[in-house]
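Undergrad: predicted model and sequence below, questions to follow.
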Amino acid sequence: MNRIEIDVASALEDRRLQAILFPALQRSVESRDEAVSEVENWEELRDFGRRVKLHTLEKLPFYLEKLEENVVGHGGKVLWAESGEDAVRMILDIARERAVRKVVKSKTMLGEEIHLNQGLEKGGLEVTETDLGEYIVQLSDEVPSHIVTPALHKSRHDVAELFEAKLGMEPTDDVAKLTLTARKVLRRHFLEADLGISGVNFGIAETGTIVVVENEGNARLSTSLPRVHIALMGIEKVIPRTVDLSVFLKLLTRSATGQRITSYVNLISGPKREGELDGPEEFFLILIDNGRSQIYEDKFLRQTLACIRCGACQNICPVFQRLGGHAYGTVYQGPIGSILTPQMFPIAAVEEHPFASSLCGACEETCPVKIEIPKILLRLRQQVQEARNRGIQRFRPERLGMLIWAWVVSSSRRYGIASRWLRRVQSALLRNGRFKLAVPPISAWQKDRDVPGLAPKRFRDYRESEGAEH
Amino acid sequence: MSREVILSRLRDFQNREASEVLPEVVPEFPDFDDPLDTFKRRAEKAGTVVLDGQSDERFAAAMRRVLEEAGSEHLYWEKTAIFEKHRIPFELSSRSQDSGEPGVLVSEHAEQGFQLPVQTEIQSLDQVDVPGVAVSVASAETGIAETGTLVVSSANSGSRGLSVLPPIHVILLSPEDVLMNHREFFQSVDLGQYESARLLVTGPSRTADIEKTLIIGVHGPRKLFAILR
Amino acid sequence: MKVSFFSTCLVDQLFPQVGASAVRLLRRLGVEVDCDPRQTCCGQPAFNTGYASEARKVASYFIKVYRDVETIVVPSGSCGAMIKCHMLEIFPKGSPQYQEVLAIASKTFELSDFLVSKLGIVETGARFTGTVTYHDSCHQLRELGISEQPRALIRAVEGIQFVEMKNSTRCCGFGGTFSVKFPGISAELGRDKLRWIQESNAEYVIANDVSCLMHLDGLLKRERIPVETMHLAELLVK
């Protein structure tokens, strides 16, 4: 698998992106903070959410089976897909058997993960994204740049240009007009679609109910008007009881968009019932693994699967605030992306990602289910280095440097000798107390900062450091 | 079989001793002295227009306001059961029944000078000019004060699609059906017992997908009325 | 009260005056301070870069030096967090070193936390007329939960003007290894900080970590912005 590199340069040089990103993400952070400050027992809710998730993960087979039993009890069908390709194939089979031509989709990151749209289009289906942000991203042939706001990287002018080119719309700066155009265009798709595909925020095991959270109404329409509804759910999204949902909804909506609650929360229990006027005749729940059972292996790393996809970690991460989502080159981006992706793919393919963090910890602090992201990143960094300790890479300069450093620093005698020697050498490299020769890692630092040299005298040699007996 | 592969893989890595216990006690959710008032204020904060319809006069005034907003008289009531539940003060004359049109009733309330064409009792959505419906009216099963939320159920509402497609949506709520908070709601509700879909509705449809600018009325209604009756 | 002072390798090699100030301060407050000349480093550079066995080697040496002392004081939030929160992760549970690390972690204190929480001191007798602002170092803030203590100490300095800057809790961008692997972003984040420092109109920016200060100072000097950086210890001995 090819290495996915983080494209820092393009992101930092993109002035349009830089102008949009930080202000937009700051606003998200502010509204999240306001919504959270209203909740007196927020920490208690986080704690509860984390414990429920960890418990559920511990008994995952049990809860998945319970969910399946109850969905089937409502007349729904449950399919299990080991890989993303399997899931796409299953959907194509279902579609073929039912003469499905047109598909409407509501927002699902899992759909992005398994490259659903490409798979369906290859199979001859017409797929339309109905979430406004996803629709914009689809029209411009891109991938989402944020979990909650997929078109975050686009300005209104970008959208206007896009709609002018693809929809023949008059150019305008008016966001309301742009939105209304999308509404008009997508209406037809809702009414004509044969199949609606949605994601799942939570699957309630106790009642066989799937929960889909939204603001636009497109998920309600996508899951109600077409005659078949397929819901895609990662196996980690199951929760035990209905009452657990009260806490998770509160954690999710306030963290994701700073709302007390989203405009709509869909609670779907199977296909349409006898006597109901509309609704899908058939309901499929596809439980997808796609690498999640691999993450499940390690008890500590397993908490990665507690994620409820709120995107709050992306909003607060200083690195994400400068890079935006696309630079990461992966489906999941930012803090959650940097812990998920290296665990779902061979780590050699995403070696950079665990290091694309200053480990500031703001992500963990904001995470509604308290995932220990920095600690996981540190663990993944160890995995990266261990993976490199094979073959010729064993002699990489960074590792040799670390070996020497560790050897020197674990003895005060060697450390003292090295300190003295470095000071002698450095006087040839310094000017006015600052390095004049660009040597890595100093060269990296020096590009933007003045870097201090070693102090002429170590603290150890100061009068103050004379102490009592040891 | 994928199912067996996935389950057995998970079981292989399950820990022998379960250490994470499912917490029995759910954290506190807020209580309010006047839940109905809190419901009203929070619903309004979310963009819902809350109208009092507890007297016949006020109800008629509320409906008139709705129709003005819609600029249309094509109104879809989801089920006649609503009339009973909320004691709608209409005398229904079904003069259209002879014409063979699917259940278009005209309600007249002579004293209020109120005439309200009402379409109901449809057997299938094919009988409705769906894109042409300007207003749909449903009945809420419950209200939740904590967030100003209305809960509708496909078991006693009419059409899922028509709850969201028309630009104006009206939900009738009985004041005694207002619950305090989400914990109370989710502890008491029996999901999937009778209905295939419940919907929690809080305010009109919205999006902030373009430059995080809030726009009301994307795919769903641009205006949501809650009438207390 | 007797403590052993762990200067940290950055202070020892690059900013010895910070160490000197801290020791002077503690002694002025009546604390008996010992500086073990054998001390070197806590192992954080290796640990953060994913070299667990190298980190273990250095941490083992650290344990050897400090296993018998009563109290350790560190003028750094990030090294404090390494000792108190992360050293445990590189030794297997049940190993003798694991127990020792547990013990060391519980007797290690970051300087401002030691002064305020342990000694109960807020007024150090320092006098300084200047407008200062404070930068919350990430490890100290989020891993050690320290944010009130340094502020209380700063406010108690006679004559001082303390202004909070916008986003004081946002990472300065140094991140150790991060500054080497992602230098562009590291610098951008630092420059964001410079903006907010300037907006606060402070003449000095104070922090408890020389890594943050070195990074900010380097950027300030390169951009020729006349704001000085100062470690809390240096301020408190004024």
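TA: That came through fine.
Undergrad: ranges for the strands of chain B?
TA: B:49-52, B:75-77, B:91-93, B:104-109, B:114-119, B:135-139, B:142-144, B:149-153, B:168-173, B:178-179, B:197-201, B:206-207, B:215-216, B:223-228 (DSSP state E).
Undergrad: want to throw those into TSV with distance to A:Gln333, mean pLDDT and mean neighbour count?
TA: Where you see a C-beta, it was placed from the backbone N, CA and C, and this is true even at glycine. Listed next are the strands of chain B as TSV, based on distance: least, CB to CB, whole Å; pLDDT from 0 to 100; neighbours: other CB atoms under 10 Å in any protein chain shown:
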stretch	distance to A:Gln333	mean pLDDT	mean neighbour count
strand B:49-52	39	97	18
strand B:75-77	43	74	25
strand B:91-93	57	50	12
strand B:104-109	53	48	18
strand B:114-119	48	56	18
strand B:135-139	39	89	26
strand B:142-144	34	98	25
strand B:149-153	32	96	25
strand B:168-173	36	95	25
strand B:178-179	39	98	22
strand B:197-201	29	97	27
strand B:206-207	21	94	26
strand B:215-216	25	93	20
strand B:223-228	34	97	24
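Undergrad: tabulate those (JSON lines), appending distance to chain C.
TA: Output for those, formatted as JSON lines (distance: least, CB to the nearest CB, whole Å):
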{"stretch": "strand B:49-52", "distance to chain C": "38"}
{"stretch": "strand B:75-77", "distance to chain C": "51"}
{"stretch": "strand B:91-93", "distance to chain C": "63"}
{"stretch": "strand B:104-109", "distance to chain C": "59"}
{"stretch": "strand B:114-119", "distance to chain C": "56"}
{"stretch": "strand B:135-139", "distance to chain C": "46"}
{"stretch": "strand B:142-144", "distance to chain C": "34"}
{"stretch": "strand B:149-153", "distance to chain C": "34"}
{"stretch": "strand B:168-173", "distance to chain C": "41"}
{"stretch": "strand B:178-179", "distance to chain C": "38"}
{"stretch": "strand B:197-201", "distance to chain C": "35"}
{"stretch": "strand B:206-207", "distance to chain C": "28"}
{"stretch": "strand B:215-216", "distance to chain C": "29"}
{"stretch": "strand B:223-228", "distance to chain C": "37"}
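Undergrad: take these and write them to a markdown table, including distance to B:Ser188.
TA: Shown next, in a markdown table, are these (distance: least, CB to CB, whole Å):
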| stretch | distance to B:Ser188 |
| --- | --- |
| strand B:49-52 | 23 |
| strand B:75-77 | 27 |
| strand B:91-93 | 34 |
| strand B:104-109 | 34 |
| strand B:114-119 | 32 |
| strand B:135-139 | 18 |
| strand B:142-144 | 9 |
| strand B:149-153 | 11 |
| strand B:168-173 | 17 |
| strand B:178-179 | 7 |
| strand B:197-201 | 13 |
| strand B:206-207 | 28 |
| strand B:215-216 | 31 |
| strand B:223-228 | 21 |
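Undergrad: ok, the closest residue to B:Glu211 other than its chain neighbours to chain C distance?
TA: Residue nearest to B:Glu211 in three dimensions, not counting chain neighbours: A:Arg156, with 5.4 Å by CB to CB, 6 or more residues apart in numbering or on different chains. For A:Arg156, the distance to chain C equals 25 Å [CB to the nearest CB, to the nearest Å].
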